[in-house]
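Chemist: A predicted structure for the sequence below; I have some questions about it.
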Amino acid sequence: MITRHHNVLIVLLLLQLTHDMATSLKVQIVTYNTGNTRPRESVTPLLGLALDPDIISVGFEELGDTDDWENEVDRILSKQGYYRIKLVTMSIMQIVVFAKKEHLPFITHIQTEYTKTGFGGTYGNKGGTSVRFRLYDKTVAMVNTHLSAHMDQVQIRDEEYWNIMSEQDFDDPISEHLYDHDYIFWSGDLNYRIQLGNEEVRGAIEAGKHLDLLEHDQLHQEKQAGHAFIGFHEADITFPPTYKFDPETDVYDTSSKNRVPAWCDRVQWRIKAERAEIAHALNWGGEDDSSDLSSISSFTLSDFSDYSGSASDVSGPEYCEVDGGCTSKQYRTPTPQKKKKKKKKKKKQIDISDDEAYSDRSAWEIMRKRTISLMKKTAVYAASTGSAMLRSATGSAPIKVHKADVADPERFKDLLNTLEREKVSLVKEKYENCVKPLVYKYHPEYKQSDHKPVSAFLEVGVDTTMEPVIRFQQDKYTWKKGEKLVVSLVVRTGAWSLSSWDWVAILEPNWTDPHKHYITYQYVAKETAKFTWDYHPGVAKTLNLVFNSSKMSAPVALAVLECQ
């Protein structure tokens, strides 16, 4: 029986579903190392048009001709109502981003950048290209890269990643650096290999057990070690390695090079808010944290009568800012110093504020006090985030810390690691719907290169309910023959001032580039937002009105014009 109460719940659920659907966009990301070839097969299957994406980003590496592939993509998408946001080419790699026209008023501050990493940063055969923009309430960076090849060049690839991430800057106060963006989508031929012998890798692939090879994937290993791509996510890989094939076949390399198959071609993403929250969770208190263990009811410090200072007097584990987030440096147990035989002296209390005494302390004393600091910061963390996590790791009884915990730091590190894992897991669960992978696959039907292209179809969270920065006063205008056409713009308060370089154009019905497909246009005069046309086209047709912002480098307002 459905009661009135149930009806209310159903309405609320429907409203929630409507809200969820209204606050996400579908994004298709493609990477293809073309092997210095020109397009022969249609690229349509790569673009995911059947899935109706809102944004499409296509990255190419090792282009035979930098225009051929981009022109082919442009030709297909322009017929499907997509607008090319931006293209950036560096040597033989490029990235091009398209969007449905309905989203153009919410895609602003478009900029491009590239970083050369080949031959010591002088040549663009390796490196990264990027297109960044504001998308509704988020800042987005689309990055396509080609990193150094060969099995033993892992460290070089890591360094190239850091160079690209740290060197790309933009003229936007919200996201001045690449790592500042709310979403980073990173694709390309990353060239990370499978750290196993050729026979073992090929044998696993032939036996249909290629997923067993993922634990030996260098990219996974480097991420887990914190060497590169910290905080980046990737959808589950279910397809076999995408490199290296004999061209025109599905056979892995039979040339004299006999390369080991690998998942070189990847699509990943990173969420800034998630990284920031994880960094906060792993920071375990800052310099202003002066609380003591004695103030935390869940911890009891026992049998430390020879300790004269408080736990807050000793600096805890070192943390370093990495890629927008904090990661703890590896905690190493120092080797105790050898003690010389000497006469017994009365035990002296050590004042850790005394620099000379501090420098003379044994490594054992340093280790002991650092462990105490870890305990204290763990207690502060547990108190601030709730006791449920602490109980799940240690049981419901209060934690009692004894000398044994100091004598054997591994015992305490187990607790610390458990707490960290659980906290990070909770944060990731919180943000898992920000970017939701729906499809991640390779495309074996493309045989002309020694790589197989890879695509990812993602659902990305944005606030699509926000008002545009600037819009036409009407969504649709009617222009009758013999009358004047008057259109006006409405600029959101505090957004920006109109420039004399901004212009409004009347465009052809199926326009793709306002600079090429305009019928007539007018520049903004004296910062007014009103435009008048006297000359009717003379025929009945449906045209388009577009406002082009010089500051935004894009058409940011659209309207329909019915000529009668």
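Modeler: All right, it came through fine.
Chemist: would you confirm that residue 485 contacts residue 479?
Modeler: Yes. Between residue 485 and residue 479 there is a contact at 4.5 Å, judged by C-beta atoms under 8 Å. To be clear about C-beta, it is placed using only N, CA and C from the backbone, and glycine gets the same treatment.
Chemist: between these two, what contacts are shared?
Modeler: 533, 536, 561 (C-beta atoms under 8 Å, 6 or more residues apart in numbering).
Chemist: in terms of helix, strand or coil, where does the last one fall?
Modeler: Pointing back at residue 561 there. strand (DSSP: H, G, I helix; E, B strand; the rest coil).
Chemist: mind checking the end-to-end distance for stretch 452-468?
Modeler: 40 Å (C-alpha to C-alpha, to the nearest Å).
Chemist: do the same with stretch 99-112
Modeler: End residues of stretch 99-112 are separated by 16 Å (C-alpha to C-alpha).
Chemist: which residues does residue 446 contact?
Modeler: Residue 446 neighbours (C-beta under 8 Å, 6+ apart): 32, 41, 46, 452-453.
Chemist: ok, 6 Å please
Modeler: Contact analysis of residue 446 by C-beta atoms under 6 Å, 6 or more residues apart in numbering lists residue 453.
Chemist: quick one: neighbours of residue 101, just the number.
Modeler: When neighbours are counted by other C-beta atoms under 10 Å, residue 101 registers 15.
Chemist: what does it show for phi and psi?
Modeler: With angles defined as degrees, to the nearest 10, residue 101 sits at phi -60, psi -30.
Chemist: from what I can see residue 72 touches residue 41, true?
Modeler: No. Counting by C-beta atoms under 6 Å, residue 41 is not a contact partner of residue 72; they are 9.9 Å apart.
Chemist: more neighbours: which of these two?
Modeler: Neighbours were counted for residue 72 and for residue 41 using other C-beta under 10 Å; residue 72 has more, 18 against 13.
Chemist: now the shared contacts of residue 485 and residue 479 in CSV, with pLDDT and distance to residue 438?
Modeler: Shown next, in CSV, are these (pLDDT from 0 to 100; distance: C-beta to C-beta, whole Å):
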residue, pLDDT, distance to residue 438
533, 89, 45
536, 87, 47
561, 94, 37
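Chemist: ok, so of these, who is nearest residue 464?
Modeler: Of all the shared contacts of residue 485 and residue 479, residue 464 sits closest to residue 561, with 24.9 Å by C-beta to C-beta.
Chemist: which non-adjacent residue is nearest residue 233?
Modeler: Of all residues not flanking residue 233 in the chain, residue 269 sits nearest, at 5.6 Å (C-beta to C-beta, 6 or more residues apart in numbering).
Chemist: got a list of what the one you found touches?
Modeler: 185, 233, 435.
Chemist: surely it is in a helix?
Modeler: No. Per three-state DSSP, residue 269 lies outside any helix segment and is strand.
Chemist: what sits opposite it in the beta ladder?
Modeler: Note on residue 269: beta-bridge partners by DSSP bridges are residue 185, residue 233.
Chemist: distance check, it against residue 117.
Modeler: Separation of residue 269 from residue 117 (C-beta to C-beta, to the nearest Å): 21 Å.
Chemist: do residue 51 as well
Modeler: 33 Å.
Chemist: do residue 480 as well
Modeler: Distance of residue 480 to residue 117, computed by C-beta to C-beta: 59 Å.
Chemist: kindly report the same for residue 90.
Modeler: Residue 90 is 10 Å from residue 117, by C-beta to C-beta.
Chemist: SS state for residue 441?
Modeler: At residue 441 the chain is in strand, as set by three-state DSSP.
Chemist: dump the residue contacts of it.
Modeler: For residue 441, the contacting residues are residue 239, by C-beta under 6 Å, 6+ apart.
Chemist: that one pairs with what?
Modeler: Beta-bridge pairing for residue 441 (DSSP bridges): residue 455.
Chemist: what separation is there between it and residue 101?
Modeler: 28 Å.
Chemist: which parts of whichever strand or helix holds residue 126 are buried?
Modeler: For residue 126, the enclosing helix or strand under DSSP states H and E is strand 123-135. Of all the residues in strand 123-135, those buried under the rule 16 or more other C-beta atoms under 10 Å are 124-135.
Chemist: residue 75: how many residues sit nearby?
Modeler: Neighbour number of residue 75 under other C-beta under 10 Å is 11.
Chemist: that's a strand at it, yeah?
Modeler: No. Assessed with three-state DSSP, residue 75 is helix; it does not lie in a strand.
Chemist: where's the nearest residue to residue 31 once chain neighbours are set aside, which helix or strand?
Modeler: Excluding the flanking residues, the one nearest residue 31 by C-beta to C-beta, 6+ apart is residue 187, at 4.1 Å. Per DSSP H and E, residue 187 falls inside strand 183-189.
Chemist: got the phi/psi numbers for residue 163?
Modeler: Note on residue 163: backbone dihedrals following degrees, to the nearest 10 are phi -60, psi -50.
Chemist: so who does the closest residue to it other than its chain neighbours touch?
Modeler: The shortest distance from residue 163 to any non-neighbouring residue, by C-beta to C-beta, 6+ apart, is to residue 117 (5.7 Å). Residues near residue 117 by C-beta under 6 Å, 6+ apart: 126-127, 160, 163.
Chemist: angles on the backbone of the closest residue to residue 260 other than its chain neighbours, please.
Modeler: The shortest distance from residue 260 to any residue other than its chain neighbours is 4.7 Å, reached at residue 198 (C-beta to C-beta, 6+ apart). Dihedral pair for residue 198: phi -60, psi -50, per degrees, to the nearest 10.
Chemist: 52 is where my numbering starts, stick with that
Modeler: Right, with 52 as the first residue, what we last looked at is residue 249.
Chemist: ok, residue 249 - how many residues close by?
Modeler: Residue 249 has 14 neighbouring residues, counting by other C-beta under 10 Å.
Chemist: what do you get for residue 95?
Modeler: As a burial measure, residue 95 scores 14 neighbours (other C-beta under 10 Å).
Chemist: tell me the contacts of it?
Modeler: Neighbouring residues of residue 95 by C-beta under 6 Å, 6+ apart: residue 127.
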